[in-house]
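Trainee: When you get a sec, could you give me coordinates for this:
(one chain, ligands or ions: 1)
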Amino acid sequence: MPLFEAIGTQLEHRHSKMKSEELSKYEKLVVQKLRDILLAKHGVSVDGGKELVLQEAARFDCPELNEIAFALRRIEKGIYGQCVICRHEIPSEVLESNLTARLCPSCQTAIHEKSDTAR
Ligand SMILES: [Zn+2]
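Mentor: Got it, this is the predicted structure:
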């Protein structure tokens, strides 16, 4: 069994909504990521909190920034870490390596398999 599938099985019975302390942990990481990209890609150093970072990010039509700003919206709505397709919890291992992950490993795999057969 591939690792991701094994993790997915383990999480099946857990509640799919993230705790607020977990959400705020990810919020910090996501805001930091926005800052990093603003600086690295656009040469903008933001000296301020989340709102200012979001404002700055909105000035650029940058898919990378948009993606992360979207993750931040999902944190605010309390649906961050939830698969957009099946609503199952996305394992923290996945989120930590990819903060903008929107799909759980099994949906991710399903989509890849679909696009493979479509080719
Ligand atoms: Zn899913």
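Trainee: Quick one: name whatever helix or strand follows the helix or strand of the chain at the bottom of the mean pLDDT ranking.
Mentor: For the chain, using mean pLDDT, DSSP states H and E, the weakest element among its helices and strands is helix 3-11, scoring a mean of 56. For helix 3-11, the succeeding helix or strand toward the C-terminus, using DSSP states H and E, is helix 20-42.
Trainee: Show me what from the chain comes close to the ion.
Mentor: When proximity is defined by Cβ under 5 Å from the ion, the chain lies next to the ion at 83, 85-86, 104, 107. Using the backbone N, CA and C atoms, a C-beta is placed for each residue, glycine as well.
Trainee: do that again at 6 Å, thanks
Mentor: 83, 85-86, 88, 103-104, 106-107 (Cβ under 6 Å from the ion).
Trainee: any idea which residue sits dead centre in this protein?
Mentor: Geometric centre of the chain, nearest residue: T100, 2.4 Å, by Cα atoms, centre = their mean.
Trainee: Could I get the pLDDT score of that residue?
Mentor: Turning to T100, the model gives it a pLDDT of 96.
Trainee: Within the helices and strands, which one has it?
Mentor: Residue-wise, T100 maps onto no helix or strand under DSSP H and E.
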